[in-house]
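Visitor: Below is the structure, and that's it, no one-letter string:
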């Protein structure tokens, strides 16, 4: 028992010697040397997760500042900024690589596939290293500080409820990269949309081809002037694929007509423009099950595929 106590007493001294010789032989000088010049970073860094992990002596952060910045002996002696690794704007790729040496979780495993990585937007653009905050700004304001075009679209009359605070960019996007266009899905874009709009999923007996292929055929998810996030208002959106009804070119009757069912006289209240008003307003006035239906439309020419019930 006495030998064990002696070993326990000597253990801190042995660890000190090990740390001292490790630093001195490999160019590491320790945090105290760093803080002689960079004392302004201490206050905020103590609130940072890196500081807390360092105190727990997590493997990889035991060297404190030099765990990320590398050996600081030459830098401390000469004061040359090029003698130590810096997370600056000029070396975003190397900065992200340094972060990913520890951050190997599933959230960041696809980083190299992300648009941020391909456009040399490094981790430190969004994540402050020395400050107590996890991100520079909160989502969606952080994303919109760069993506100005998306910010403008989010203010259009039809938009997802970002500015209302009911959604964030990260509700749909995986900003650390994913297999499908930085989106939170490993399958199709439609599957991400269906996670909220489940009633549009199907499968339906009578399907609308653009719906099953890609929601973006008709919708712009970031915001539009047209209602329901449509790229264009009806009927112009529909007419990009469907030619106009033949009836839309007919001239309406101005005289009264006998109705076959009741034998009553009826006047056309819309005059010569009646057919055009009926068939060139909104297609969904009749074809309101535009995303698909299980019920036939009871139209002979459409073979039950009119999407009207």
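Guide: In hand now; what should we look at? Please read all numbers here as calculations on a predicted model, not as lab measurements.

Visitor: residue ranges with poor pLDDT in the stretch 151-300 of the chain?
Guide: Along the stretch 151-300 of the chain, segments meeting pLDDT under 70 span 299-300.

Visitor: Tell me where it has strands.
Guide: 257-258, 265-266 (DSSP state E, counting those that start in this stretch).

Visitor: Doesn't residue 95 lie inside a strand?
Guide: No - per DSSP: H, G, I helix; E, B strand; the rest coil, residue 95 lies outside any strand segment and is helix.

Visitor: Contacts only, for it.
Guide: 87, 88, 122, 123, 124 (C-beta atoms under 8 Å, 6 or more residues apart in numbering). In this view, the C-beta of every residue, glycine as well, is placed from N, C-alpha and C.

Visitor: Setting the sequence-adjacent residues aside, check what's closest to residue 207.
Guide: Leaving aside its sequence neighbours, residue 207 sits nearest to residue 292 (C-beta to C-beta, 6 or more residues apart in numbering; 4.7 Å).

Visitor: Tell me how many other residues surround that neighbour.
Guide: The number of residues packed near residue 292 is 19, by other C-beta atoms under 10 Å.

Visitor: wait, isn't it in contact with residue 206?
Guide: Yes - judged on C-beta atoms under 8 Å, residue 292 makes contact with residue 206 at a distance of 6.3 Å.

Visitor: least confident pick among the contacts of residue 95?
Guide: Ranked by pLDDT, the contacts of residue 95 bottom out at residue 88 (77).

Visitor: How about the backbone phi and psi for it?
Guide: The phi/psi pair for residue 88 (degrees, to the nearest 10) reads phi -100, psi 180.

Visitor: Quickly note the distance from it to residue 131.
Guide: Distance, residue 88 to residue 131, by C-beta to C-beta, to the nearest Å: 16 Å.

Visitor: and if you look at residue 219?
Guide: Counting by C-beta to C-beta, the gap from residue 219 to residue 131 is 39 Å.
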